[in-house]
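Chemist: next one to model:
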Amino acid sequence: MQKASDVLRVEGLAKRFESGGGIDAVSISVAPGSITGFIGINGAGKSTTLRCILGLITPDAGRISLFGATATAQARRRIGFLPEERGLFPRDRARDAIAFHARLKGLSQRSAYASADCLLERIGLGSRLRDRIGDLSKGNAQRVQILCALAHAPDLLLLDEPFSGLDPVAQSEVVSLFAEFRAGGGAILFSTHAMAAAQNLCDRVVILANGRTVFEGELAEAAAASPHGAVVVTSDEAGLLTAALAVGGEARPMSSAIGEATRWRVLLPPSVTHPVLMRALAEHAVPIIAFEPIKADLESAFWQLAAPAKERQAA
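Modeler: Residues are numbered from 1 along each chain as shown. The predicted structure follows:
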């Protein structure tokens, strides 16, 4: 049901492409003064969803509401957007680029440049407002791009991988900027596959897998979905599978490896402790390169919630 206070509501969104891929059933709600993480691996459909919200591509099905009403071009002017593909011209000066984006959303020339100068000063680039984008570091150019999304004082920010290319200091400054935006009643939906960023910033998360929303809710609720078990790195696949089965568990390979070894998620029954699993691994002479209990956090929940349905049922 649509809440009157939602600044963004997406219901049953679908968009398929002739070349394959797309989204099938995406649902999202974003409240004012909130930060929502839009999480999924590359190719899950996050960017496609954002482009549908912005009207850049037309969905095949579903409904998009902005600020309590059907999305219109006028309503979309209240959105600030940071695309994943950075598009500033290297020869543009920082303040000119920001002012240009503000003017696209309806600000006068004077107001646009005043906003650009204020924002650049706010993030410590006031002395470089006339520098060309191509002369800035990658991190500073990224910060200018973020300011382009903020320049017209939007009510909703849609950010596609906003922390890409930022060092820890720059990330901290941008986080502070987002906190100020939020404190003023602004809402943020940011797409990421960086779980730590979402864990630290978000009130709510939307998890996308294979073009579908598989979870939408509070951050704490998502973390509670974390399974019981451990992440084990070993080169002995057969031994690990045998040891996991011996204690009533199940092992699933993860996407990353360390040399010849593979990272495994070993899911255990609630009654089986981590020492019991370690003892079983030792009894089967499984060489352990790393062993880490699964934490009740967003990353662990993601692996559980984003797994194919048949795998979740098996767990």
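Chemist: helix, strand or coil: sort out residue 157 for me.
Modeler: In the three-state summary, residue 157 is assigned as strand, counting by DSSP: H, G, I helix; E, B strand; the rest coil.
Chemist: can you tell me the SS state at residue 215?
Modeler: Classification of residue 215 by three-state DSSP places it in strand.
Chemist: so which residues of the chain form strands?
Modeler: Counting by DSSP state E, the segments of the chain that form strands are 8-16, 22-30, 35-39, 61-66, 69-70, 79-82, 156-160, 187-192, 204-209, 212-218, 229-234, 250-258, 261-267, 290-293.
Chemist: what does the second one rub up against?
Modeler: Strand 22-30 has contacts (C-beta atoms under 8 Å, 6 or more residues apart in numbering) with 3, 6-16, 36, 38, 45, 48-49, 52, 62, 156, 187-189, 204, 206, 208, 210-213, 216. Backbone N, C-alpha and C define where each C-beta goes, glycine included.
Chemist: circling back to that earlier point, nearest to residue 306, of the strands of the chain?
Modeler: Nearest to residue 306, of all the strands of the chain, is strand 204-209, at 3.9 Å by C-beta to C-beta.
Chemist: partners of that closest one, with directions?
Modeler: Paired strands of strand 204-209, with direction, are strand 35-39 (parallel), strand 212-218 (antiparallel) (DSSP bridges).
Chemist: just the ones you listed: most buried one?
Modeler: Mean neighbour counts were taken over the strands paired with strand 204-209 using mean count of other C-beta atoms under 10 Å, and the top value, a mean of 26, falls to strand 35-39.
Chemist: show me how far it is from its chain's centre.
Modeler: Remark: strand 35-39 is offset 5 Å from the chain centroid, using C-alpha atoms, centre = their mean, to the nearest Å.
Chemist: show me where the protein dips below the pLDDT cut-off.
Modeler: In the predicted model of the chain, residues 1-4, 255-257, 307-315 satisfy pLDDT under 70.
Chemist: residue closest to the middle of it?
Modeler: residue 192 (2.2 Å; C-alpha atoms, centre = their mean).
Chemist: turn the strands paired with strand 204-209 into CSV, columns for distance to residue 145.
Modeler: Formatted as CSV, the strands paired with strand 204-209 follow (distance: least, C-beta to C-beta, whole Å):
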stretch, distance to residue 145
strand 35-39, 18
strand 212-218, 28
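Chemist: between those, which one is nearest to residue 146?
Modeler: Across the strands paired with strand 204-209, residue 146 has its closest neighbour in strand 35-39 (14.4 Å, C-beta to C-beta).
Chemist: starting at the chain centroid, how far to stretch 214-226?
Modeler: If you compare the mean C-alpha spot of stretch 214-226 with that of the full chain, they lie 14 Å apart, counting by C-alpha atoms, centre = their mean.
Chemist: and it, how far apart are its ends?
Modeler: Length of stretch 214-226, first residue to last, C-alpha to C-alpha, to the nearest Å: 14 Å.
Chemist: now do the same contact list for residue 120.
Modeler: For residue 120, counting by C-beta under 8 Å, 6+ apart, the contacting residues are 94, 95, 98, 126, 128, 129, 144, 147.
Chemist: out of the residues you listed, who's the most crowded?
Modeler: For the contacts of residue 120, the largest neighbour count, defined by other C-beta atoms under 10 Å, is 30 neighbours, found at residue 98.
Chemist: OK, contacts around residue 249?
Modeler: Counting by C-beta under 8 Å, 6+ apart, residue 249 makes contact with 229, 266, 267, 268, 269, 272, 277.
Chemist: what's the separation between it and residue 205?
Modeler: When C-beta to C-beta, to the nearest Å is applied, the distance between residue 249 and residue 205 equals 27 Å.
Chemist: over to residue 268?
Modeler: 25 Å.
Chemist: so those two - more neighbours on which side?
Modeler: More neighbours surround residue 205 than the other of residue 268 and residue 205, with 26 against 21 (other C-beta under 10 Å).
Chemist: what residues are bridge-paired with the closest residue in space to the more buried one that isn't next to it in sequence?
Modeler: Leaving aside its sequence neighbours, residue 205 sits nearest to residue 37 (C-beta to C-beta, 6 or more residues apart in numbering; 4.4 Å). With DSSP bridges as the criterion, residue 37 is bridged to residue 190, residue 205.
Chemist: from what I see, residue 243 and residue 279 are in contact.
Modeler: No - between residue 243 and residue 279 no contact is recorded; they are 9.1 Å apart, counting by C-beta atoms under 8 Å.
Chemist: between these two, who's got more neighbours?
Modeler: Looking at residue 243 and residue 279 with other C-beta under 10 Å, you find the greater number of neighbours at residue 243, namely 25 against 14.
Chemist: residues contacting that one?
Modeler: Counting by C-beta under 8 Å, 6+ apart, residue 243 has contacts 277, 280, 281, 283, 284, 286.
Chemist: if we use 7 Å, what do you get?
Modeler: The contact partners of residue 243, taken as C-beta atoms under 7 Å, 6 or more residues apart in numbering, are 280, 281, 284, 286.
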